[in-house]
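**Q** can't give you the sequence, but here's the structure:
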């Protein structure tokens, strides 16, 4: 039995998001399996980023439940939580379609920012840092070590003191993922991480995501248009079209689903066979 059926880390139930008269997401339900890489795919405008924004607290859904099942058995209703608590308490982190690094900060500083909350707690909200308490110095050293670990993991440790804005695009993508991992997430949400990458960079990204899942035990939910990435690394694929789920299963099941083919080709289901023959699929 699939992990998304019998051991979900995230459960989305009857999610609906309306903007005035526009239904961006309509009665959507699916699970993200613990330890899985789950891809959320679909044509442009299908509602994928809207789902991410609901999961991570940027939007409050009109209807529905979003339940995060922590490894410690705690459960969080994400639709009721502000975004900063979803990150700190529910342990959900995300990246964005447009890279949002602090360009004027160094690579190391970018990864330290992700650890701001635990460092503030360790410092007693600054007083411990001012007084030089050993508990704060210990937490600070652990944060630096964690940041350096992730810089080494993405091959950028030698550039730790360089401004993030000076990095090539592909390195910035990986740095953003490393920053998210420094917050210690149990679920990592990636919005089009392969966008704009060349084949070599896409391969490096695949290896990084597989390492995060296998060695860090972090579950991944990603939006992606690059089907080579999706089919190579995903355990589970959910397909949206016009805000509704049209397919949900393994990569092989999804890529052979006539509804999915129809959505991507822009033709009715009954015309799929004819169009496939015409374009040589």
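**A** Perfect, thanks for sending it. Everything numeric here is computed off the predicted structure, so don't read it as measured data.
**Q** okay, and for the stretch 51-200 of the chain, where does confidence drop off?
**A** Within the stretch 51-200 of the chain, the ranges that satisfy pLDDT under 70 run 117-136.
**Q** Strands of that one, start to end?
**A** Secondary structure of the stretch 51-200 of the chain by DSSP state E, counting those that start in this stretch: the strands cover 63-69, 75-77, 92-94, 187-191.
**Q** what pairs with the third one, and is each one parallel or antiparallel?
**A** Read that as strand 92-94. strand 187-191 (parallel) (DSSP bridges).
**Q** Can you list the buried residues in the strand it pairs with?
**A** Judged by neighbour count using 16 or more other Cβ atoms under 10 Å, the buried positions of strand 187-191 are 187-191. (Each C-beta comes from the backbone N, C-alpha and C, glycine too.)
**Q** would TSV of those residues with distance to residue 248 be doable?
**A** Listed next are the buried residues of strand 187-191 as TSV, based on distance: Cβ to Cβ, whole Å:
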residue	distance to residue 248
187	18
188	20
189	18
190	19
191	20
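**Q** Looking at the residues you listed, spot the one nearest residue 15.
**A** When the buried residues of strand 187-191 are ranked by distance to residue 15 (Cβ to Cβ), residue 189 comes first, at 14.5 Å.
**Q** Would you check how far apart the residue lying closest to residue 23 once chain neighbours are set aside and residue 29 are?
**A** In this structure, residue 23 finds its nearest non-sequential neighbour in residue 243, 5.9 Å apart by Cβ to Cβ, 6 or more residues apart in numbering. Residue 243 sits 13 Å away from residue 29, going by Cβ to Cβ, to the nearest Å.
**Q** can you list the domain ranges for the protein.
**A** Listed domain ranges for the chain are 1-91+184-281, 102-182 (source: automatic domain parsing).
**Q** who's in contact with residue 260?
**A** Residue 260 is in contact with 239, 246-247, 254, counting by Cβ atoms under 8 Å, 6 or more residues apart in numbering.
**Q** Tell me the one among those nearest to residue 7.
**A** Checking the contacts of residue 260 one by one against residue 7 (Cβ to Cβ), the nearest turns out to be residue 254, at 20.4 Å.
**Q** ok, now which ones touch the closest one?
**A** Neighbouring residues of residue 254 by Cβ under 8 Å, 6+ apart: 41, 237, 239, 247-248, 260.
**Q** Apply 6 Å and report the result again.
**A** For residue 254, the contact set (Cβ atoms under 6 Å, 6 or more residues apart in numbering) comprises 237, 239, 247, 260.
**Q** Mind checking which of those are buried?
**A** When the contacts of residue 254 are checked for burial by 16+ other Cβ under 10 Å, the buried set is 237, 239, 247, 260.
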